[in-house]
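Visitor: generate coordinates for the sequence data below:
(4 chains)
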Amino acid sequence: MKNVMGIINVSRRDELLKDLTSLRCIASVPFGGRYRLIDFVLSGMVNSGIYNVGVFTLNKYRSLMDHLGFGKEWDLNRKRDGLFILPPPIHYPFGYYRGDLQNFFSHIDYFHRSTQEYVIITGSNIVCNINFNEAFQAHQESGADITVLYKEIAEQEEKNFEQCRRIVTGDDGQVLDMEDKPGRLKSNKVLMEMFIMKKSLFIEIIENSNKMEYSNLIRDGLIQNVNRLNIFGFHYAGYLGIINSVKNFYKHSMDLLKREVWQELFYKPGLIYTKVKDEPPTKYLEQARVTNSLISNGCLIEGRVENSILSRGVKVHRGACITNSIVMQRNEIGKNARIENTILDKEALVSEGKELIGTPGQPLLMGKKSIT
Amino acid sequence: MKNVMGIINVSRRDELLKDLTSLRCIASVPFGGRYRLIDFVLSGMVNSGIYNVGVFTLNKYRSLMDHLGFGKEWDLNRKRDGLFILPPPIHYPFGYYRGDLQNFFSHIDYFHRSTQEYVIITGSNIVCNINFNEAFQAHQESGADITVLYKEIAEQEEKNFEQCRRIVTGDDGQVLDMEDKPGRLKSNKVLMEMFIMKKSLFIEIIENSNKMEYSNLIRDGLIQNVNRLNIFGFHYAGYLGIINSVKNFYKHSMDLLKREVWQELFYKPGLIYTKVKDEPPTKYLEQARVTNSLISNGCLIEGRVENSILSRGVKVHRGACITNSIVMQRNEIGKNARIENTILDKEALVSEGKELIGTPGQPLLMGKKSIT
Amino acid sequence: MIQKKCVAMLLAGGAGKRLGILTRDMAKPAVPFGGKYRIIDFTLSNCTNSGIYAAGVLTQYQPLILNSHIGTGIPWDLDRKNGGVSILPPYVQQGEKGKWYEGTANAIFQNIYFIERYNPEYVLVISGDHIYKMDYSLMLEYHEEKGADATIAVIEVPWGEANRFGIMNTGEDGSIIEFEEKPSKPKNNLASMGVYIFTWPVLKKYLYKDNDNPKSSSDFGKDIIPLMLKENSRLYAYPFRGYWKDVGTIESLWEANMDLLSDQPELDLYDRNWRIYSVNPNRPPHFMGPSAHVHHSMVNEGCMILGTIHHSVLFTGVYVGEGSEIKDSIIMSNVKIGSNVKIERAIIGEGAVIEDHCQIASDAKNPEIILLKGEITIPENSIVKSTIVSLRDLQVNREEQSLA
Amino acid sequence: MIQKKCVAMLLAGGAGKRLGILTRDMAKPAVPFGGKYRIIDFTLSNCTNSGIYAAGVLTQYQPLILNSHIGTGIPWDLDRKNGGVSILPPYVQQGEKGKWYEGTANAIFQNIYFIERYNPEYVLVISGDHIYKMDYSLMLEYHEEKGADATIAVIEVPWGEANRFGIMNTGEDGSIIEFEEKPSKPKNNLASMGVYIFTWPVLKKYLYKDNDNPKSSSDFGKDIIPLMLKENSRLYAYPFRGYWKDVGTIESLWEANMDLLSDQPELDLYDRNWRIYSVNPNRPPHFMGPSAHVHHSMVNEGCMILGTIHHSVLFTGVYVGEGSEIKDSIIMSNVKIGSNVKIERAIIGEGAVIEDHCQIASDAKNPEIILLKGEITIPENSIVKSTIVSLRDLQVNREEQSLA
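Guide: Numbers count the residues shown, from 1 in each chain, chains lettered A, B, ... in the order given. All right, here's what the predicted structure looks like:
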């Protein structure tokens, strides 16, 4: 895959995750205990042998920059190619932002300068462990102009993909229809927002759109071209989450507590990399009682944890009880506190005896650094 | 100086440098062949033993980020403390930006979190080679609330400091008056925009200003407090340039061609660090004729260069003649071209036989990637 | 090279023979410890936490793992433009044959040129194979206050054990009057921790003296310190309070791991102001299965636990199957333990595979710690009662059982 | 450890005796070259430019400068999560005495375990002390196409000089029929460049064979290749065109530097597609004074030139005073040259100081390259006509003059 460059397009629709994205962009939302959402597609690219990755950001990207650094953890701290974080070059005139194609256009130099012949463009909120080699090979063999990745979902999964675009493909794999807003197409094929094409075609789409004042890659670059270009679908069979609501954030998080999901998503076909921290192993004290949970390093656990995910450095004091919850970094849960169906953002403090109770359908979301 | 944190405040007044700052902030304007303006104060801090430096930026800071990286060249790639680049956290509501104190306020956490007791705040466009130890010692001995650094300039230097604020000090060193806009005070004491104070006082100024809707550190934080606080001046005796016009950019650049300025500014008391590039040594071919010039690495010189500064990777073809000019990175000067009193921004191409002629008082400024 | 006030020299060449197979492929300072660390992480972290940013690590025995662990010192923030950490293997000089390091003092002697590059006032000499947290900058202050030629850190040991240590007999002002190596009748219970600060010109003089003495074993404890005492150098003892352990034997290594598991351990790994740094593996949070039961234990990333863990230390990526019980044990990285396995008082080497229904526990009458070689597979239903160094041992073990 | 197709092993233990004082404190691959580089930069850059990201550097002789130069390989982009560059000094194994590397093949033999970690198909064996730019990936393709056991890169040398090299006699398909070390009557002019690609299992077999032979000198050229030929292994010659130089003597080192100075040198350092990487010093642009006159020369950062430089290479931070003339010389880092000094056909070592009015040039009748030790001060008005290794030599030199 030396001949492919990766583009991660950090979506602006971050209002979807409410408080989780009030101070950060969607790409840097914590997920799975120690990761950020972007880690999954980024590690997939690196594991596929892609060594030139551009991350296009728009706003609230400080925590993302801090997380990615110079790409050392992904082995992308390279002299040639490597990792590029590409924020809008100049602030847009008074909030006038037309869409992702405009942002690509403002960095068109980056595409010209890169030596790779192909691009893979993906979103930043896609939870999966993917090796792109198979899709890339399919792209080359089909002779398609564009290959889009999709997943056929089972009926019981529909709820997790409510906000996702659907596509219709023909028997030969050709994409016949693609919806702009979810709801029009009755299809179980979910568009993953991962596209493979020649860099020259991608540049053409960007430059044309700029001339026409079009602005959105999927709507104006792809959907409008469904009949003009040869667009093929490639079916991705692995575990998939597209995080675009607090509800499906919670659901996909809870999926990690299925042993087979944990084993697939974090290990196969490659490892998921993330920024490391100097945390010691987690320590279980006398009274600890932890079952069916995912526990990151640096925790000190004296209480009960059940069906929950703990990020790094969480303290659970004696008698505290955490069930069906997601507890992010450096939270401290006081004695005898009770946390149920709750998402606790970073560095919150829950005092002794306090109760935070949500419902499985409507988990309680507590903001960063909240004190209760 | 372990007990001091450094703050570099990247000014927004970048219109002053015209085309040189059309795509970059003032801190990352190339200077002295291979440096950027910020290198001088940043290296000064590091050479003084300051290991926690925050760079507050506002816009057009991509090239600055790229230049600073994680601070490796300044030995600031540290696990604790180190280099922090602090852009505005959220885009200001439709361009409403009130001043630097607002930006400091939005990162007030950074100040609280830092363990140092003192701060040194400086601008980013100050060319000097300074060790802050002496000023810091003076600050502690005087018992001042704030120490401001200034320089007494000779009459013939006046032209280079036209845009700079002046101060008046008493015999004991106390600052009696400080002007907001240049012109009011008849004094040869130029304010360097370098301040030392306790971090607690700095936080107080920031927080008060926020309450009062004040916005500018010098105007609202210092000048308004000249009578309330104990402000002392510390005289800096070394070479100084405050770059705030194309004219004085040119003049201070030309100063580097004085041997004693070169020796002081780049070597004493410490080295100036910058991002390194993998350029070979410069090669002088048969026809080269280079006098009184500053030549960076990676140049290939076949022509004549006189009283000029060449950045890295410049090619000077046979018969070309460069006089009294500043030629930035990766320019190519075609055969028999003539460049006089000109500032050529990066990656420009001057074709064979072309002439670019400015005057010493009004140097010609050619933009980045221009082709002539 | 900019002058450094104090340079640290870490002795990391030890073969650690008494650690048996644990040190077959790596030097003692590289032996894994505490679920995530290697032993040398403690001294390296002490250096950086004490503000000592110039260090030489003297290697000789099986250095590959140590070298790749240390690299340029990034995990310990010791990648510095000036100073940082340098690995110092033995080498060949012009016109000479190569010389291996013949003793601790000889190792320093051969690297005088390295120390001189920093032109330091003081040199800190420490062993890379002790477990403790210590602020060397306080000891350095003490050394300067006393105007000492050498300062030796000492720790109070139980009187009954004093005969196992190098004991310092001190005057009221802390000056060392006498040094006795493993005295049969100790006059004092202040044991040397093997942490020395020397005033560099003085040490240099004694290194040359020692080198000129063909009978010397060139050891700090046996030769340099006694000689300095004899010649009335100013030697002081610096009293240290806190946790300190030489993990030179299987038993002490096991004990030191177990020490971490009490609710309030003397050695606190969770203090954010004195972090122990190490290379961080990139593995997912560990997974506690529905039937997991873990207490009094430390568990690192990437583990999947379906069984019961009591009072044990689990390194990265360990799998423990259902119905298995692990007690008082140390399980190193990437060990796979099947279902219904019992392990007690054992150290299981990296990458070992223990199939279902195995029992690894020594007889009550013979309570040695069982050591299991890494990268070995113990087949189903095996009963292991003593240390397994190779698959042949397993055979022997099994035959003994069938005979019994 | 992820599998690597090809691992590079750089032999960097050479003492480089014929380079005299230049290699007193550093191994030959660490000798400065070309105004900015060290010799090993060329092979390390070749590796990274050829896409070979796993390399071992075998060191033994005076490795400190080499080690701190290479670090974790950041300048060559060889700091990799998997692979990257590892420095491999000799070491002690459990229960054994330490063994120094006894020959090039023995050095590889002692590091078989290192190579096996990558489980490679091929191993590239190269010397860290040759100057050339070569795409090893093309040679690897050739090796695979031929299905060779070993491929040796060869370069055409003038027939008259063929007797100074190891000469390959090849068949029409490039297969090697015969190898002659310095043949008195060469049948061919294809000289071995000391660049080998081996199919790893085959090499491993021969390394063991060689190790079992107590009479072997364990050298690739003298032992391994002849043995493979004898046993009918598939050996091929890979023809290389371009610049290649073994800088084993003062003369060849000087020549290789001078080769860079022609207007169109065979070895192009300015090609952005095949960069030679090195550690970058952080020094200001060099300063050409009003009276400077420089041509046919290379000058690095931090220099201040007030005199005349003709056909010379100046490293970092050199000062040349007014009225001085430097010709056909190599001036290493931080040399200070006063006013009205004349230097011709000389190599001036790092940090030397040459005071005003000195003359450093050999007699016309005796045109050897003068070598001047680093960190030495040549007093005013000295006349130096031959190599100066110590201040005593200078004395002798002066006495000779006064006698003359």
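
Visitor: A:Gly44: which element?
Guide: Using DSSP states H and E, A:Gly44 maps to helix A:38-47.

Visitor: now do the helix or strand following that helix: which elements does it pack against?
Guide: Downstream of helix A:38-47, the first helix or strand assigned by DSSP H and E is strand A:52-56. Applying 3 or more Cβ pairs under 8 Å, 6 or more residues apart in numbering or on different chains; DSSP states H and E, one finds that strand A:52-56 makes contact with strand A:4-9, helix A:38-47, strand A:82-86, helix A:100-106. Every residue, glycine included, has its C-beta placed from N, CA and C.

Visitor: and the angle for strand A:52-56 with helix A:38-47?
Guide: 160 degrees (axes from the mean of the first three to the mean of the last three Cα atoms, to 10 degrees).

Visitor: distance between strand A:52-56 and the chain's centre?
Guide: Averaging C-alpha positions (Cα atoms, centre = their mean, to the nearest Å) puts strand A:52-56 14 Å from its chain's average.

Visitor: partners of that strand, with directions?
Guide: strand A:4-9 (parallel), strand A:82-86 (parallel) (DSSP bridges).

Visitor: just the buried residues of that strand, please?
Guide: A:Asn52, A:Val53, A:Gly54, A:Val55, A:Phe56 (16 or more other Cβ atoms under 10 Å in any protein chain shown).

Visitor: could I get it in PDB with only the CA atoms?
Guide: Listed in PDB are the C-alpha atoms of strand A:52-56, where the atom choice follows Å, rounded to 0.1, in the frame of the first residue of the first chain:
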ATOM      1  CA  ASN A  52       1.200   9.200   4.400                       C
ATOM      2  CA  VAL A  53      -1.900  10.200   6.300                       C
ATOM      3  CA  GLY A  54      -3.500  13.600   6.300                       C
ATOM      4  CA  VAL A  55      -6.000  14.500   9.000                       C
ATOM      5  CA  PHE A  56      -8.300  17.300   7.900                       C
END
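
Visitor: touching that strand from outside, list them.
Guide: A:5-10, A:27, A:38, A:42, A:45-46, A:64, A:68, A:71, A:74, A:76, A:81-86, A:100, A:103-104, A:107, A:110, A:114-116, A:124 (Cβ atoms under 8 Å, 6 or more residues apart in numbering or on different chains).

Visitor: just the buried ones among these, please.
Guide: Those of the contacts of strand A:52-56 that meet the buried threshold are A:5-10, A:27, A:38, A:42, A:45-46, A:64, A:68, A:71, A:74, A:76, A:81-86, A:100, A:103-104, A:107, A:110, A:114, A:116, A:124, by 16+ other Cβ under 10 Å.

Visitor: between the buried residues of strand A:52-56, which is closest to chain D?
Guide: A:Asn52 (13.3 Å; Cβ to the nearest Cβ).

Visitor: and stretch A:292-310, anywhere near chain B?
Guide: No - Stretch A:292-310 stays clear of chain B (Cβ under 8 Å from any Cβ of the partner chain), getting no nearer than 15.2 Å.

Visitor: now do the same end-to-end measure for that stretch.
Guide: Length of stretch A:292-310, first residue to last, Cα to Cα, to the nearest Å: 12 Å.

Visitor: now stretch C:335-354
Guide: One end of stretch C:335-354 to the other measures 8 Å (Cα to Cα).

Visitor: as CSV, the helices and strands packed on strand A:52-56 with mean pLDDT and distance to B:His235 would be great.
Guide: Output for the helices and strands packed on strand A:52-56, formatted as CSV (pLDDT from 0 to 100; distance: least, Cβ to Cβ, whole Å):
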stretch, mean pLDDT, distance to B:His235
strand A:4-9, 97, 52
helix A:38-47, 97, 51
strand A:82-86, 91, 42
helix A:100-106, 87, 46
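
Visitor: for those, give me JSON lines that also has distance to B:Lys189.
Guide: As requested, the helices and strands packed on strand A:52-56 are exported to JSON lines (distance: least, Cβ to Cβ, whole Å):
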{"stretch": "strand A:4-9", "distance to B:Lys189": "52"}
{"stretch": "helix A:38-47", "distance to B:Lys189": "51"}
{"stretch": "strand A:82-86", "distance to B:Lys189": "43"}
{"stretch": "helix A:100-106", "distance to B:Lys189": "44"}
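
Visitor: closest to D:Thr308 out of the ones you listed?
Guide: D:Thr308 sits nearest to strand A:82-86 of all the helices and strands packed on strand A:52-56, at 43.5 Å, using Cβ to Cβ.

Visitor: which residues touch that closest one?
Guide: So strand A:82-86 is contacted by A:51-57, A:61, A:64-65, A:68, A:70-71, A:74, A:76-77, A:103, A:107, A:110, B:65 (Cβ under 8 Å, 6+ apart).

Visitor: go again using 10 Å as the cut-off
Guide: For strand A:82-86, contacts defined as Cβ atoms under 10 Å, 6 or more residues apart in numbering or on different chains pick out A:5-8, A:10, A:42, A:46, A:51-57, A:61, A:64-65, A:68-72, A:74-77, A:103-104, A:106-107, A:110, A:114, B:62, B:65-66, D:77.

Visitor: nearest residue to the middle of chain A?
Guide: Nearest residue to the geometric centre of chain A (Cα atoms, centre = their mean): A:Asn125, 2.4 Å.
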